[in-house]
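J.: Quick one, what's the 3D model for this:
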Amino acid sequence: MNCAQIRHLLDAYLDGELDAVHTLEIDQHLQGCPLCAALYKDRQTLHALIKDTPLYYRASSALEQRVRRSVQQADTRPLARWEQSKRWLMLAAAALLAIIVLSGVRLVSTAGSSALANNVLANEVLASHLRSLMAGHLTDIGSTDQHTVKPWFDGKLDFSPLVIDLTAQGFPLIGGRLDYLDNRPIAALVYQRRKHFINVFTWPITSDDGSKTAEVSLNLQGYQLFHWVQGDMNYWAVSDIAASDLQDFVHNLQS
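T.: Just a heads-up that it's a prediction; the model follows:
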């Protein structure tokens, strides 16, 4: 299988839904493909984050019993099967709507913009930030010199990221690395604020970005995230520093 096929099956692979043959193929592919392996780690982190939030709902034993009784009754009363299915479809639709509404409330932009279009990407951004901290792999190229970090990306990406040292403003550059977001390889630049790290993810805008271009500020799981567009590039900054500090950092980066 190629990378596109692997990525299409990653969610099923993560949930243990694949047969032994496909599972083995993906195991072997992930061992030899760093980009797909990084994407899989992001999915694992995102899965853990969602599971630990109020958006994750585990069905009660009473609900499970009701579902089982409904299935049994549908099997013994074929003529009533459509009515049973219709009722459960209505319940499922209501549950899905509730999840969408909760997601929208949780990720409301503090600037007043709708964050719904960025929900999935915002979680990916946070997952990548957390993964870089947990794995102890903040940088592929560690340097405070922007003229060392920027050339390192040459030949590794199909674009040249903007690299600025903000040491004088209190946000020293400490390096950069390759990462994977929005279904493509991207540049991750790493800055520091006292003992806290700031990840800045950047990649070119594409024609299908649409509402992703809106400026959005979010608080997700205690982390501050800020998205903006400058020129023809997407930017996401994420850290556990105070919101005011992150806004100050973004302002200096945009200047």
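
J.: all strands for the protein, in order.
T.: Using DSSP state E, the strands of the chain run over 141-142, 173-181, 184-193, 196-204, 216-220, 223-230, 233-239.

J.: and the fifth one with strand 233-239, angle?
T.: Read that as strand 216-220. 30 degrees (axes from the mean of the first three to the mean of the last three C-alpha atoms, to 10 degrees).

J.: how far does strand 216-220 sit from the chain's center?
T.: Taking C-alpha atoms, centre = their mean, to the nearest Å, one finds strand 216-220 lying 13 Å from the centre of the chain it belongs to.

J.: Does anything pack onto that strand? Which helices or strands?
T.: Contacts defined by 3 or more C-beta pairs under 8 Å, 6 or more residues apart in numbering; DSSP states H and E place strand 216-220 against helix 119-134, strand 223-230, helix 243-254. Yep, even glycine has a C-beta here, placed from its N, CA and C like the rest.

J.: mind listing what's buried in the second one?
T.: Read that as strand 223-230. 223, 224, 225, 226, 227, 228 (16 or more other C-beta atoms under 10 Å).

J.: quick one: contacts for the fourth one?
T.: With contacts defined as C-beta atoms under 8 Å, 6 or more residues apart in numbering, the neighbours of residue 226 are 215, 216, 217, 218, 236, 237, 238, 246, 247, 250.

J.: Closest one to residue 163 out of those, please.
T.: Ranked by distance to residue 163 (C-beta to C-beta), the contacts of residue 226 are led by residue 237 at 14.1 Å.

J.: residues contacting the residue nearest the centre of the chain?
T.: By C-alpha atoms, centre = their mean, the chain has its centre lying nearest to residue 124, at 0.7 Å. Contacts for residue 124 (C-beta under 8 Å, 6+ apart) come out as 42, 46, 181, 182.

J.: where's the dip in pLDDT among these?
T.: Checked by pLDDT, those have residue 46 as the lowest-scoring entry (76).

J.: returning to that earlier point: make TSV from the contacts of residue 226 and add neighbour count and distance to residue 64 to it.
T.: Supplementary listing: the contacts of residue 226 in TSV, determined by neighbours: other C-beta atoms under 10 Å; distance: C-beta to C-beta, whole Å:
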residue	neighbour count	distance to residue 64
215	14	44
216	25	38
217	21	40
218	24	34
236	28	39
237	25	43
238	26	38
246	23	43
247	16	46
250	22	47
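
J.: Nearest to residue 5 among those?
T.: Among the contacts of residue 226, and counting by C-beta to C-beta, the member closest to residue 5 is residue 236, at 27.5 Å.
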